[in-house]
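[1] Sequence and predicted structure are below.
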Amino acid sequence: MVSRAAWIYIGLVGIVTAALVFAAQLANGFFAVGHVLYPWLALASLQALFLLCDSVKSPTTSRQTVWSPSSAATLAAVVLLGPVAAALVGATSLISLRRQPADDSDPVRRRRLLMAERLFNGSMHALSGLAAGEAYHALNGHVGLPHPAVFRQIAVAFAAAAVVHVLANHTLVRGVNRLNRRNGTARREPLESSLILLLASDLGYACLGLVIASLWQVMGWFATVIVLVPLFVARWAMAQFAEQHRAYSATMNALCQAVETKDYYTRGHGDRVSKGAVMIARQIGMSSDRTDAISFAGMLHDVGKLGVPTQVLQKTGPLTEDEFAAIQLHPMRGLQIVSEIGFLYEALNGILHHHERIDGRGYPLGLAGHEIPEFARVIAVADAFDSMTSTRSYREAKSIEAAVAELRRGAGMQFDPLLVEAFIAALTQDGWQLPELAVRPPDLGAVTVQDHDDPTAPLQVIIP
Amino acid sequence: MTGGTLAGRPAPDRMAPSSYWQALDSGRLLLMAAAGMLAVAAFAGAAVAGGHPIHWKVVLTFGGFIAFGELLRLALPGGREAAPIAMVGALSYALVLKVPDPGHPPYVIHPNPPLVISVAAIGMAVGALPHIAAGRPAALTGMCTRLVAVACVAFIFRELPTKSLAERPWELAFAVMVLLVSFGWLADVVVSALIRADDVGARFSVAIVDEMRLQWPLGLAVGASVLITVFGAETLGLMELAIFIGPLLVTQVAFRRYAGIRATYLQTVRSLARVTEVAGYVEEGHSRRVSWLAVAVGRRLGMAEPQLLALEYAALMHDIGQLSLRDPIPAGATVLVSPADQDRIAELGEKVIREAGVLNDVAELVRCQAWPAYGHDPAPPLGSMIIRAANAFDDMVGPSLDRDRSAAALDRMRMHPVEYDPHVVAVLADVSGRRVASRL
């Protein structure tokens, strides 16, 4: 879906771009004065390079970071042929061969989305190419084959052009994303840390524009071919990264499920707590690296339960002090298992302290308030919420409303009030996937009778 | 040494030795001696060679480029190290013939292998210094390999009629450089494979295919980058190097992320495989010892690296099926329970791993781990036979390094040639003996 505001914005960008390119063409002609032989051939080969880069970009990673080396072609055109040619290279995005992921089932809407995207990408790339070209021109950058004698001047002008290109590009994209997001349909924008990576990689690839221009002197259009090799290798590596990342998450999931198989009722608990923790993390604006880490921490937070004897977990009636101590040890056990995984130190803290309470009456260390690491406070909220909204052998699942009320009641005592509010806000926005629980299979052995996560039914301990 | 120490080791093929020199085997020493002699001869040659002027600006720029590249080393899967940017710098310097400079007549550079080797060696050493200062290993082997490859390219290039090459159409120089860079890559791969074969006891024929499969993408990127740098520097001068570092860094970041996630993946599986130990299903360190033994045996039997990785994962997770059991088996020794139960555990484990959807070859190895080596239809894959033998060995011997105990366990396995493949057991005997000898 494309919102009306986004359509107006896209149309506006398109019209402004067309007008500006036309004006620039009237003023300077298609090509700024230079020494490139066969300028039309040069333009065509740069357009081909752009099209190739644009068509194969975006190996989807979990962070939805899009790496596009196509800016190299536009910036080479800036140096070799001038602003109008750069805009024409950028406009090639209109006929980009990239297929859209089919996230909309309705063919009409999908076609519209595709059209909007082509239109926007074409005009955006053309406009940023034009802007970069004009910036290069304004700083006395020499258009044509770069010559060593004027090279310093070219380098300065080119650096400015590259920055203008990257900024124009990102500003326009952010604009359309914001307009679309207000409608509540689009994906979130990339989070800050990946944005910096994105800007840096765009700038890195932009440098390639000048490299192409300098190679042109020797090998002409073949420069675009030789430059493609490292580009495609980098893309290969990124695709491998994305694939490994997917495999990694899938393996983690499978192993976590294996850990949970022992108890019918807590199946999927880790997965849901992980999702809840990520919802809170997004709501309070955590960086994407930390969000990744908290997602793993949430998934693995109860892994230490494996170290607790089954008889204790499945005991009916009050626990002895020793048995309670065994349960209280599970965060430590979890830490012991995951401590050698090289992910963030913070995730380990989240696992170790997820049963601390804001009032200091939790375990294992009895930390209070902000002594408790942020990860642990986040996980605690998601953990309790999932426990309450899941069915247990001793009670039915609570409704979401009842569980929310319970979270509010515990805010300030058991939970961090700010995080509770953040979770509730995220809950109204994104909703919550309740655990699917059909009828309990009859051949099932013993199950957990007391849930240590349930804040409404604290564990009963025999006090001698 | 106890099993606890074994469990604490980072990776079987990357074990940090207690003393550096003790771990140096003959292959590495030979390589280092060769590279050291090469460097010394090059220093001497560069110092006494008259005739051609040394352009210090060019030397310093390329030297700095190499040092920077060495600083940004890259850890590749399987405990390898690469320094692609340093390699680009060194090979470009070996092949560049002319560097224009604003306000100057262009520098004409005559192929001078001693100078190239000296610049590369000093650049690499300078780039390695911060690593050493930060307490990271110096990774001399990788540096020596790179130096040898660069030296090969530089010496061949000197023998070519470079003067006429510069006057011919660019296509000829381009083709010659493509050949030279490919040759440099091949030299790098062959030396790395020789070292690796010597290091971990792999067969050379297997090691070289492994190296090629692993190194071709990076080698391709390095090769193209060398051509771009040489031709770019010949038209634009040294500024080219400063500009081209941008795209090189992006490529490097992409590879780093890829290698990073692979390392995290292995680390995570290694850690999570311990859940069976914490839960009391198996003895402490069991899965790691089994995986070490299995990988060592598999490598001896000529398995390639992707298969070895699957074998390592399968060996680490071979007991994961026990998580579905109500009560732990006494001391977790699956060798002591009935074959039917062993099969059930294997199948439960297979189910868990298949759930991931991406490790089906691993799941297959886990599924067949309890099958006898002969007489079962279908026959178990080699990896499963290895896991079965390694698992039985560790169930009987545990972390103990007592030779008599190992011998007894091996004898017991030899008495059941249908259960345990005799060939696998023979290799296992050798490998487990080395476990003692190399003080694991």
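    Done, it's in. Numbering: from 1, shown residues only, chains lettered A, B, ... in the order given.

[2] State the pLDDT value of the most centrally placed residue in chain B.
    Nearest to the mean C-alpha position of chain B, counting by C-alpha atoms, centre = their mean, stands B:R80 at 3.3 Å. We have a pLDDT of 83 for B:R80.

[3] What of A:L191?
    49.

[4] partners of the residue nearest to the centre of chain B in the sheet?
    B:L76 (DSSP bridges).

[5] Surely it and B:A193 touch.
    No: applying C-beta atoms under 8 Å, one finds B:R80 not in contact with B:A193, separated by 11.0 Å. Where you see a C-beta, it was placed from the backbone N, CA and C, and this is true even at glycine.

[6] So for the one helix or strand B:Q252 maps to, what gets flagged as buried?
    Remark: B:Q252 resides in helix B:239-272, with elements defined by DSSP states H and E. For helix B:239-272, the neighbour count (16 or more other C-beta atoms under 10 Å in any protein chain shown) marks B:239-241, B:243-259, B:261-272 as buried.

[7] Chain A next: which of those are close?
    By C-beta under 8 Å from any C-beta of the partner chain, the members of those lying near chain A are B:239-240, B:243-251, B:253-255, B:257-258, B:261-265, B:267-272.

[8] Next up, the contacts around the residue nearest to the centre of chain B.
    Contacts for B:R80 were tallied using C-beta atoms under 8 Å, 6 or more residues apart in numbering or on different chains; they are B:142, B:192, B:214.

[9] Report the separation between the first one and B:R73.
    From B:G142 across to B:R73, the span is 8 Å (C-beta to C-beta, to the nearest Å).

[10] thinking B:P106 is in contact with B:P100, fair?
    Yes: look at B:P106 against B:P100 with C-beta under 8 Å: they come within range, at 4.1 Å.

[11] and stretch B:406-415, which residues are buried?
    B:406, B:409-410, B:413.

[12] likewise stretch B:370-378?
    Buried, per 16+ other C-beta under 10 Å, within stretch B:370-378: B:370-373.

[13] All the helices of the stretch 251-400 of chain B, residue numbers only.
    With DSSP state H, counting those that start in this stretch, the ranges of helices along the stretch 251-400 of chain B come out as B:275-278, B:286-300, B:305-316, B:339-355, B:360-367, B:382-397.

[14] what would those helices look like in CSV with mean pLDDT?
    Formatted as CSV, these follow (pLDDT from 0 to 100):
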stretch, mean pLDDT
helix B:275-278, 77
helix B:286-300, 90
helix B:305-316, 91
helix B:339-355, 84
helix B:360-367, 89
helix B:382-397, 90
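
[15] okay if I get those helices as a markdown table plus mean neighbour count?
    What follows is the helices of the stretch 251-400 of chain B, written out as a markdown table (neighbours: other C-beta atoms under 10 Å in any protein chain shown):
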| stretch | mean neighbour count |
| --- | --- |
| helix B:275-278 | 24 |
| helix B:286-300 | 26 |
| helix B:305-316 | 23 |
| helix B:339-355 | 19 |
| helix B:360-367 | 23 |
| helix B:382-397 | 25 |
